[in-house]
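Novice: structure of the sequence below:
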Amino acid sequence: MANPKRRHSKARTGKRRSTWRLNVPNYGPCPQCHKPKPPHRACPECGYYDGRQVIAVETDKE
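Specialist: Numbers count the residues shown, from 1 in each chain. The predicted structure follows:
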């Protein structure tokens, strides 16, 4: 097995790890209720996807 002969510098280690960052999730407006929702998912607020209701969502009316 190959083993490193020299220690990697902090700069080199940081360059390698620079792609480990987390991505912020993309959200777009729901065409039905205009609340933010993830793409290609049913809206958690109104339950609509692609112009039709696919999830029955309970509304909290007191």
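
Novice: can you pull out the strands in this protein?
Specialist: Counting by DSSP state E, the chain has strands at residues 28-29, 36-37, 48-49, 52-53.

Novice: mind checking those for the one nearest to Ser18?
Specialist: strand 28-29 (27.9 Å; C-beta to C-beta). From N, CA and C alone the C-beta is placed, and that goes for glycine too.

Novice: just checking: what are the partner strands of that closest one?
Specialist: Based on DSSP bridges, the strands next to strand 28-29 in the sheet, each with its direction, are strand 36-37 (antiparallel).

Novice: related to what we said a few turns ago, Thr19: which of the strands of the chain is closest?
Specialist: Using C-beta to C-beta as the measure, strand 28-29 is the one of the strands of the chain that comes nearest Thr19, at 25.5 Å.

Novice: and that closest one, how far out from the chain's middle?
Specialist: Here the centre of strand 28-29 is set off from its chain's centre by 13 Å, with C-alpha atoms, centre = their mean, to the nearest Å.

Novice: do the same with stretch 53-62
Specialist: 24 Å.

Novice: export the strands of the chain as JSON lines, with columns for distance to Arg7 and mean neighbour count.
Specialist: Supplementary listing: the strands of the chain in JSON lines, determined by distance: least, C-beta to C-beta, whole Å; neighbours: other C-beta atoms under 10 Å:
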{"stretch": "strand 28-29", "distance to Arg7": "46", "mean neighbour count": "10"}
{"stretch": "strand 36-37", "distance to Arg7": "46", "mean neighbour count": "17"}
{"stretch": "strand 48-49", "distance to Arg7": "53", "mean neighbour count": "18"}
{"stretch": "strand 52-53", "distance to Arg7": "60", "mean neighbour count": "11"}
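
Novice: export the ones you listed as TSV, with columns for mean pLDDT and distance to Lys15.
Specialist: Rendered in TSV, the data for those read as follows (pLDDT from 0 to 100; distance: least, C-beta to C-beta, whole Å):
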stretch	mean pLDDT	distance to Lys15
strand 28-29	94	33
strand 36-37	95	34
strand 48-49	94	42
strand 52-53	92	48
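
Novice: need those strands in a markdown table with distance to Arg16, can you?
Specialist: As requested, the strands of the chain are exported to a markdown table (distance: least, C-beta to C-beta, whole Å):
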| stretch | distance to Arg16 |
| --- | --- |
| strand 28-29 | 33 |
| strand 36-37 | 34 |
| strand 48-49 | 40 |
| strand 52-53 | 47 |
